[in-house]
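>>> generate a structure from the sequence data that follows.
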Amino acid sequence: MTYQPPPSPPPQPLRPTPAFIGASWAALAVGVIAFGVGLFNAEMTKSEKGFYAAVLLLGLFGAISLQKSVRDQAEGMAVSALYLALSWGMVGISIVMLVVGLFNSGMELNEKGFYGLAFVLTLYSAVAVQKNVRDMLYKP
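I've put the predicted structure just below:
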């Protein structure tokens, strides 16, 4: 019989640097504010503005849920396959809804690009902020 050492606990993530935390929050703020100011100044109906705002909120919720469930799964925690699939679905649906909405809108190409880039920046930075918040929970 050979000796097998006991399993070691999973490695603890390093705490993010203050610069990365600040950059993540700044990117999230820039994305949300830019998207909001763009909607406020846009010449479209209130229902269209509400649609784009709801798509942004759906995308944010989906991205944060997806990041959390993928991270939980990577750390060996039980994650419902249904919840993981719903998280992926909400991110995908929000992206498809934004693309279809922009494609069918009467906006100029530069406006469509602005909303698309602000949306992507906001989703990406929300994932980074969620990662930072989770990493700061661990005490090194």
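>>> in the host helix or strand of residue 64, what counts as buried?
If you go by DSSP states H and E, residue 64 is part of helix 46-74. Within helix 46-74, the residues scored as buried using 16 or more other CB atoms under 10 Å are 48, 51-52, 55-56, 58-60, 62-69, 71. C-beta here means a position set from N, CA and C on the backbone, and glycine is covered the same way.
>>> need the helices for this protein, in chain order.
18-41, 46-74, 81-104, 109-136 (DSSP state H).
>>> please convert these to JSON lines, extending it with distance to residue 3 and mean pLDDT.
Below are these laid out as JSON lines (distance: least, CB to CB, whole Å; pLDDT from 0 to 100):
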{"stretch": "helix 18-41", "distance to residue 3": "41", "mean pLDDT": "95"}
{"stretch": "helix 46-74", "distance to residue 3": "29", "mean pLDDT": "95"}
{"stretch": "helix 81-104", "distance to residue 3": "37", "mean pLDDT": "96"}
{"stretch": "helix 109-136", "distance to residue 3": "35", "mean pLDDT": "94"}
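>>> if we can go back for a sec, elements contacting the helix holding residue 64?
Under the contact criterion of 3 or more CB pairs under 8 Å, 6 or more residues apart in numbering; DSSP states H and E, helix 46-74 touches helix 18-41, helix 81-104, helix 109-136.
>>> between the first one and helix 46-74, how many degrees?
Right, the one you point to is helix 18-41. 160 degrees (axes from the mean of the first three to the mean of the last three CA atoms, to 10 degrees).
>>> the longest one now?
Using the same axes, to 10 degrees, one finds that helix 109-136 and helix 46-74 are set 30 degrees apart in direction.
>>> just checking, what packs against helix 109-136?
Against helix 109-136 (3+ CB pairs under 8 Å, 6+ apart) you get helix 18-41, helix 46-74, helix 81-104.
>>> among those helices, which comes closest to residue 7?
Within those, the stretch nearest residue 7 is helix 46-74; the backing value is 16.5 Å (CB to CB).
>>> picking that back up, residue 131 is nearest to which of the helices and strands packed on helix 109-136?
Comparing the helices and strands packed on helix 109-136 by CB to CB, helix 46-74 comes nearest, at 6.4 Å.
>>> how about stretch 133-140: buried residues?
Across stretch 133-140, burial judged by 16+ other CB under 10 Å covers 134, 135.
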